[in-house]
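> All I have is the shape, not the residue letters:
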Ligand SMILES: Nc1ncnc2c1ncn2[C@@H]1O[C@H](COP(=O)(O)OP(=O)(O)OP(=O)(O)O)[C@@H](O)[C@H]1O
Ligand SMILES: Nc1ncnc2c1ncn2[C@@H]1O[C@H](COP(=O)(O)OP(=O)(O)OP(=O)(O)O)[C@@H](O)[C@H]1O
Ligand SMILES: [Mg+2]
Ligand SMILES: [Mg+2]
């Protein structure tokens, strides 16, 4: 193909967008809306996943050390635990600290009354163990239980399974929704583009009858589809980036909902922008070429 | 209009669905997909709202009664509280019961040690007060604080505001999503239908030139739009009803995630079905008539 | 006002209400100082005065692009003049309400230069459409459609779709549709352009016969032979102007 | 194989590679026992044998629906025969690969009975399209387009869109497009159906001139006058069969 032909095809593709006036508008708005929806859900899912990980991250193993254990025993135990593969961090909380924490956590009304416990602290010294992956908690806890000088090992056995069940369900449902939504978006965008091209069926056939090769007809449609897809991605990308920056500022700097930790916008929005642009371009081109194909058999 | 004309229009509308072959298919599949998405989200939102309400329902006011209060004082206090408008239920928990509950709740490792408290129970007797609406908790607590014989009134002041902030945010985001999605769906469905009708622009104009009135042209489009919308609603309705029944069975009878309480399918799925059918019919007709309108000015 | 009066009469009638438009007056088409300038600046019809009476048979001739089709399109309001007045059967088209335009069109059978068949309807359905808008009963429609299909010799193609017809066959379907409801006026734009001489004469016979029965016929044509062999009133256009208007005229654009 | 050989030559050439198809053989169109039955059961062309040599000027005549357009459509593969063999310049069309069909079509200028103009392209763009597929440089295209627009007297309508043209003007655009790339063979289906006699003769002059310069012309027509005044070879169709094939024939379908 000569370079002037390539130029001609690009020009022609761009002109076609204008020539088909509001049909192009219909395609672009379909792309825009679908990508907007996909963008919003990607952000939502990223955050839900983030929060789920946070919650899982709170899972810890509390190793209650025998009251009778000596300092050396404790150090030995520490080293034993530390030697386990999947242990990420160990914190030592002595019984007085433990009581402080406990009293802090307990509801205010009862708190001062527990102060009475200070004299005869019923708590053990504790190693708080964090694993590298929350899912490894059970295994690690099992290993630790084998060691000496331990009173009890406690990691919320009953809660932890349900917690993982919930976070996993949230992840699976979220992923399914986003994937489903993406395919839906793709289908609908391709569908819309197809409709605008079917309306040009006769024109395509005339071009063939006048001696155009399939490639000659296809190229402008390629450009057209690409540009429609990219045009459709502009608004969603702008909305996702600026909207999320705004929201993040609001939630973080204004300290509203400060206890919910949301994903910072910096890599996230740009990754999502890339995904949206990718989908737009891909589906635009694909929908366009797919639809032209069946009218080329003349 | 003569009744045979009405019949003619209905027949014509139905025939047009066949005549426009895959254009009709494109419209129906757009309706199907969009309604499917709307249906899934309506179910999700209904459940999220349900869970949020559950969580809010757990909010309670704990009225710690003075250690020194006599039985009569307590009864007086009970009646005073009971007289407050928005109080739904009052439960009396005496200090021993309170300690039992506390020890049950506390993590296993420490539990037995707290048994030592039995001898010198540091807790008060407590009235647990439930309000009619979780949002009223603060007001009611305020009123109760005025009464005599009270040590402290405690309803998780810091937590409760954040809790409501979260549940409200979830509700608002959910409603916004569903509304946004509904309008998106409507727009895209109307868009698709419009495209199929624009392709028939010339035909509409020929009809007018041959002496057809606007009404004569519009009626078949009305029928066509209605039927396309309804056809598009079939699959989503079936999927929502059967899918949710299946899921509910799975979660409830199989007792997976038994601690999460999901909305029973009986009125819910049928309400959603009605909404979906309504949207389908409405948007089908509306999109169809809207699009025809601009070609009638010949 | 005349217009209002007429519409009342129309609505008062049950059967064939569409014909009322064309009862009473003898002057069916009246164009006074009519000019049509298209959006692109082309003046297709330039200050013409044309009067056609009930029962006439008029040829409209002239070179390609002279304004014949534009003249025709203004009678049934596909195009509106940019200046001047048009009266159809005495009704000022400027005063005709939008919703009454279909009533006017039902009184004018039009053979379009580009046929304007509905591609998704069969030949039968295309022709029947012009009767369906009148809400005629099904059996009447069926009978009439086969009658006119017989006239244009296409009875055996009733179930075909326009794309399955030859050029001339499509043209004849368009002619059949224009005649189906016995309109008081029939306007044909180049009705024999795609027909062989023999078939053309067949169509001419039909047109002359319905003209003899009272229908006013206006026919734009390039067919010199027809105009010269079967002479009638000729209105000649050139560059948007009427250059000649004579009874029993000749085609007169010799090589 | 002949076919393969030809394609090789075509690909080897730089300029005007589209013409190679039609160099060498003297028999341009060769139909042997060709029958075309459409999907609806209509046999439009029934067992015909037609041979047209380089440089001929052939009229194809016959009543409406006789099979003229079908015959024409088979030469450039808009339709394929249901039986029989067609050779274009010696190439068996059954053996022509799909991707070489465009090369064939570039060698055949076609004036379609229904014009087949691209509605969203201007007159200029419509005509230029036939040169763009040849990847001609822009200035060559511009020059050539205005040349042919001048031939059909539409230079002043270059920027118009098809819907803004009269019937005859559209037809002339279609004629201009068919001629633009100097195809060795020009097939015109009813090219004067919407033209007045004078303009028709103007088009005939152009066709005769390009024929004199070596282009083979095949023209389906209903124009008795043209056939009789300017006699050439006439192939007459009737009911799908060739009923007459004579040099310097007459139209002969008298009333
Ligand atoms: N819709 C339109 N928009 C702009 N210009 C138009 C339009 N229709 C026709 N014209 C122009 O108006 C002029 C007259 O056109 P018209 O169709 O009336 O000619 P005509 O006499 O019917 O010609 P023909 O015999 O070729 O059909 C032409 O020059 C044409 O280019
Ligand atoms: N695509 C098609 N599908 C089915 N039947 C067709 C098709 N095209 C043409 N026919 C039929 O084939 C017959 C011949 O048609 P064709 O177009 O070849 O006639 P023609 O000689 O060109 O007539 P005209 O002078 O009216 O253009 C006609 O009876 C027509 O109904
Ligand atoms: Mg005209
Ligand atoms: Mg033909």
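Ah, there it is. Quantities reported herein were computed from a predicted structural model and do not represent experimental measurements. Ligands and ions are numbered 1, 2, ... in the order given.
> how about the helices of chain C, start to end?
Assigned by DSSP state H, chain C shows helices spanning C:2-12, C:68-75, C:101-106, C:123-132, C:138-151, C:167-179, C:197-212, C:224-229.
> The ones you listed: which one's closest to ligand 4?
Distance to ligand 4, taken as C-beta to the ion, is lowest for helix C:167-179 among the helices of chain C, at 4.3 Å. Yep, even glycine has a C-beta here, placed from its N, CA and C like the rest.
> Wondering if that closest one reaches ligand 1 at all.
No. Against ligand 1, helix C:167-179 shows no contacts by C-beta under 6 Å from any ligand atom, the least distance being 13.9 Å.
> That helix - contacts with which helices or strands?
Judged by 3 or more C-beta pairs under 8 Å, 6 or more residues apart in numbering or on different chains; DSSP states H and E, helix C:167-179 is in contact with strand C:108-111, helix C:123-132, helix C:138-151, strand C:185-189, helix C:197-212.
> Go through the ones you listed and pick out the most buried.
Comparing the helices and strands packed on helix C:167-179 by mean neighbour count (mean count of other C-beta atoms under 10 Å in any protein chain shown), strand C:108-111 comes out on top with a mean of 26.
> how about it, does it get close to chain B?
Yes. Interface with chain B: strand C:108-111 contributes residue C:110 (C-beta under 8 Å from any C-beta of the partner chain).
> That strand pairs with which strands, and in what direction?
Sheet pairing for strand C:108-111, assigned by DSSP bridges, gives strand C:185-189 (parallel).
> Identify the residues contacting whatever residue of the stretch 101-250 of chain A ends up closest to ligand 4.
Evaluated by C-beta to the ion, the stretch 101-250 of chain A has residue A:209 as its residue closest to ligand 4, separated by 15.2 Å. Taking C-beta atoms under 8 Å, 6 or more residues apart in numbering or on different chains as the criterion, residue A:209 is in contact with A:298, D:76, D:78, D:105, D:110, D:112, D:116.
> Including distance to residue B:171 and pLDDT, could these go into JSON lines?
Output for the contacts of residue A:209, formatted as JSON lines (distance: C-beta to C-beta, whole Å; pLDDT from 0 to 100):
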{"residue": "A:298", "distance to residue B:171": "56", "pLDDT": "79"}
{"residue": "D:76", "distance to residue B:171": "67", "pLDDT": "95"}
{"residue": "D:78", "distance to residue B:171": "63", "pLDDT": "95"}
{"residue": "D:105", "distance to residue B:171": "64", "pLDDT": "95"}
{"residue": "D:110", "distance to residue B:171": "67", "pLDDT": "97"}
{"residue": "D:112", "distance to residue B:171": "64", "pLDDT": "97"}
{"residue": "D:116", "distance to residue B:171": "60", "pLDDT": "96"}
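> wait, which of those residues is closest to chain C?
Using C-beta to the nearest C-beta, residue D:112 comes nearest to chain C of these, at 9.7 Å.
> For the closest one, grab phi and psi.
phi -80, psi 150 (degrees, to the nearest 10).
> Can you give me the buried ones in stretch C:68-86?
Residues of stretch C:68-86 classed as buried by neighbour count (16 or more other C-beta atoms under 10 Å in any protein chain shown): C:68-79, C:81, C:84, C:86.
> right, and out of these, which lies closest to chain D?
Ranked by distance to chain D (C-beta to the nearest C-beta), the buried residues of stretch C:68-86 are led by residue C:69 at 5.9 Å.
> dump the residue contacts of that closest one.
By C-beta under 8 Å, 6+ apart, the neighbours of residue C:69 are C:113, C:189, C:220, D:166-167.
> one step back: lowest average confidence across the helices of chain C, which one?
Least confidently modelled of the helices of chain C is helix C:2-12, at a mean of 32 by mean pLDDT.
> pLDDT at residue C:18, what is it?
44.
> Please identify the longest helix in chain A, counting by residues.
Per DSSP H, chain A has its longest helix at helix A:157-198.
> got the angle for the helix or strand following it vs helix A:157-198?
Per DSSP states H and E, the first helix or strand lying C-terminal to helix A:157-198 is helix A:201-209. In terms of direction (axes from the mean of the first three to the mean of the last three C-alpha atoms, to 10 degrees), helix A:201-209 departs from helix A:157-198 by 60 degrees.
> buried stuff in stretch C:237-249?
C:237, C:240, C:242, C:249.
> try stretch C:84-104
C:84, C:86-91, C:93, C:96, C:100-104.
> Mind checking which of the residues you listed land in strands?
Of those, the ones assigned to strands by DSSP state E are C:84, C:86-88, C:91.
> Let me know the pLDDT of the spatially most central residue of chain C.
Nearest to the mean C-alpha position of chain C, by C-alpha atoms, centre = their mean, lies residue C:187 at 1.7 Å. Confidence at residue C:187, expressed as pLDDT, is 97.
> who's the nearest residue to it once chain neighbours are set aside bridged to?
Using C-beta to C-beta, 6 or more residues apart in numbering or on different chains and skipping the chain neighbours, the partner closest in space to residue C:187 is residue C:218 (4.6 Å). As for beta bridges, residue C:218 partners with residue C:58, residue C:187 under DSSP bridges.
> Can you give me the pLDDT of residue C:255?
Looking at residue C:255, the pLDDT reads 38.
> typed the wrong thing, it's residue A:209
If you check residue A:209, the pLDDT there is 95.
> out of everything not next to it in sequence, what's closest to residue C:136?
Going by C-beta to C-beta, 6+ apart, residue C:136 has residue C:144 as its nearest residue, at 7.7 Å.
> residues in contact with that neighbour?
Contacts of residue C:144 (C-beta under 8 Å, 6+ apart): C:131, C:136, C:180-181.
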